[in-house]
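> predicted model, plus sequence, below.
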Amino acid sequence: MINLSTTKLEETSIPGGRWRRFPAPLMMFLTGFLIYVIAVLPILVINHGLFFLYGDYNVQQVPFYVLAHRAVRNGEFFWNWNLDLGGTLIGDLSFYLMGSPFFWLTIPFPESAVPYLMPFLMALKYATCATTAYLYFRTYKIKDLSARIGGFLYAFSGFNGCNIVFNHFTDAVAFFPLLLLTFDSLMELDTGEEASPISQGYMRWLRFTLCVSLLAIINYYFFFGMVVFLLLYAVIRYARGRHWRTLLSMIVRALSGGIIGVLIAALFLMLALSGIAGNTRLENVVLGYDMIVYPSALMYLDILKSMVMVSDIIGKGTILYDATVKNASLAVFLPFFGLSGVLSFFRAYQGRKSWIKTLLWTCFLIALVPVLNSVFSLFNSWYYARWYFMPILFMALVTVREFEKEDLTNFRTGTLISTLLFTLMLVIYCLPTRDESGKIVFFQISENKDYFIRNAIATACMYVGLILLCLLVRSR
């Protein structure tokens, strides 16, 4: 089912002149960029070119960009008195932007232009997400159009939409598919699926090593989570049925590339980690009953809600909301499809072995068990779902693979179940509760009613469109 060999990227035909043929990755990048810009254009028009949001975006992300931009332009790369009571530029801002390739694109521009560049930088990040996911999906036996749709699903997933307020999260999401792409390419040398000369093997190892280094520099927190996920991915996908010599060779290649990649980034990482040394949050580890069950039973339904309807935004929870998830980035929803494709995939592979099925079920189990979920945050007691973008990549993959099949029976079933789960969320919204005077009222269970109604309408429109599409597409 899976083709690990390098796939020749198709070109896209467009009318006119010498620009008649564009490489597909370039078209993915340009399209992703334009979709995001068009989506935020009303905000830019209202605010005369500025992108205003709320919370941390307005009071941290933009000011941090301006401060770092000014410091770099003035050659102040080390101590900076404008950081709290004074701090190191890399140490204090490495988590946010100092390792971001997108931040460094602002340096040629004057400081006054930085706030106006912010939405276009985010558009570049979304475009990169779509392109890298597309490149990764093209290593599988799926149609080029399916790979493109999958790339956009990954880029415009609920996780990215929820985390626009945390501008820097998308940097890690954008380059994560490259880690898997280079890792798979490296593993091919030992799977017997492709015989490569020594020089080609070295180049694959070098690409993986440099990718590790890049991701370590971009964001150390997300890099740690990626390492955990990559270990899980490697065991589930490659460990089964291999001879011990093959496994040993795989481990040596991957481990050597990973270690050297981290060593390349070591100076930056040392400066970055110095900024969090002594942070009391590091001492708060998950313990006791909190290791096996979440403090509120609502959490489990909230996780389900994040998969079947447009996700809540940071700090603006709706139904099933608990203070635990205020800044947790609990968001999954795949635009238009929800869980339809994933449920279809599970039904299609019922009773059959599939490493992707095992990986997705494992991720779902991890999400439900607090101590396992906390592994991605070094067992921190604060609840975070900031690793969800990694399984989302595979959710997007199986969704487009299922949707391109000749027989859509399983997909229609998945659509029905996903729609029913969304309907359950609407029923929960209607449940009676008591107001401040003690009177029983309906439709008041949501903490942010307007946000829920907006999300529900958007989700309902998507499911209606998907149902109509499933009804119209009888056969291919």
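Right, received. Where do you want to start?

> F22 falls within a strand, correct?
Yes: secondary structure assignment (DSSP: H, G, I helix; E, B strand; the rest coil) places F22 inside a strand.

> could we number from 737 for the rest of this?
Got it, first residue is 737 now, which makes that one F758.

> could you measure it against L853, distance?
When C-beta to C-beta, to the nearest Å is applied, the distance between F758 and L853 equals 25 Å. All C-beta spots, glycine's among them, are computed from the backbone N, C-alpha and C.

> distance check, the closest residue to P1031 other than its chain neighbours against K1089.
Of all residues beyond its chain neighbours, the one nearest P1031 is T1060 (6.2 Å), with distances taken as C-beta to C-beta, 6 or more residues apart in numbering. The span separating T1060 from K1089 equals 36 Å under the rule C-beta to C-beta.

> between those two, which is the more surrounded one?
Looking at T1060 and K1089 with other C-beta atoms under 10 Å, you find the greater number of neighbours at T1060, namely 16 against 8.

> can you show me the strands along the stretch 1037-1186 of the chain?
Using DSSP state E, counting those that start in this stretch, the strands of the stretch 1037-1186 of the chain run over 1169-1170, 1176-1177.

> other SSEs contacting the first one?
I take that to be strand 1169-1170. Applying 3 or more C-beta pairs under 8 Å, 6 or more residues apart in numbering; DSSP states H and E, one finds that strand 1169-1170 contacts strand 1176-1177.

> for the strand it packs on, what does the pLDDT average out to?
Per-residue confidence for strand 1176-1177 averages out to 91 on the pLDDT scale.

> pLDDT averaged over the helix or strand hosting H805 - what is it?
Following DSSP states H and E, the helix or strand that holds H805 is helix 798-809. For helix 798-809, the mean pLDDT works out to 94.

> output it as PDB - backbone C-alpha positions only.
Extracted in PDB, the C-alpha atoms of helix 798-809 (Å, rounded to 0.1, in the frame of the first residue of the first chain):
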ATOM      1  CA  VAL A 798       3.800  41.300  17.900                       C
ATOM      2  CA  PRO A 799       5.800  43.100  20.600                       C
ATOM      3  CA  PHE A 800       8.300  40.300  20.700                       C
ATOM      4  CA  TYR A 801       8.800  40.500  16.900                       C
ATOM      5  CA  VAL A 802       9.300  44.300  17.100                       C
ATOM      6  CA  LEU A 803      11.700  44.000  20.100                       C
ATOM      7  CA  ALA A 804      13.800  41.200  18.500                       C
ATOM      8  CA  HIS A 805      13.800  42.900  15.100                       C
ATOM      9  CA  ARG A 806      15.100  46.100  16.700                       C
ATOM     10  CA  ALA A 807      17.800  44.200  18.700                       C
ATOM     11  CA  VAL A 808      19.000  42.300  15.600                       C
ATOM     12  CA  ARG A 809      19.100  45.400  13.500                       C
END
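
> just after it, pick out the following helix or strand.
Note on helix 798-809: by DSSP H and E, the next helix or strand toward the C-terminus is strand 815-816.

> low-confidence ranges, the protein, go.
Across the chain, the ranges flagged by pLDDT under 70 are 737-757, 926-936, 1014, 1210-1212.

> what residue lies at the spatial centre of it?
For the chain, the residue lying nearest the average C-alpha position, counting by C-alpha atoms, centre = their mean, turns out to be F1125 (2.8 Å).

> right, and that one touches S893 too?
Yes: in this structure, F1125 sits in contact with S893. The criterion is C-beta atoms under 8 Å, and the distance is 7.2 Å.

> overlap of the contact sets of the two?
Common contact partners of F1125 and S893 (C-beta atoms under 8 Å, 6 or more residues apart in numbering): none.

> ok so, going back, so how far is I972 from the residue nearest to the centre of the chain?
F1125 sits 18 Å away from I972 when distances are taken as C-beta to C-beta.

> quick one: the helices in the stretch 987-1136 of the chain, in order.
Counting by DSSP state H, counting those that start in this stretch, the segments of the stretch 987-1136 of the chain that form helices are 1002-1010, 1034-1044, 1076-1084, 1091-1104, 1106-1109, 1125-1139.
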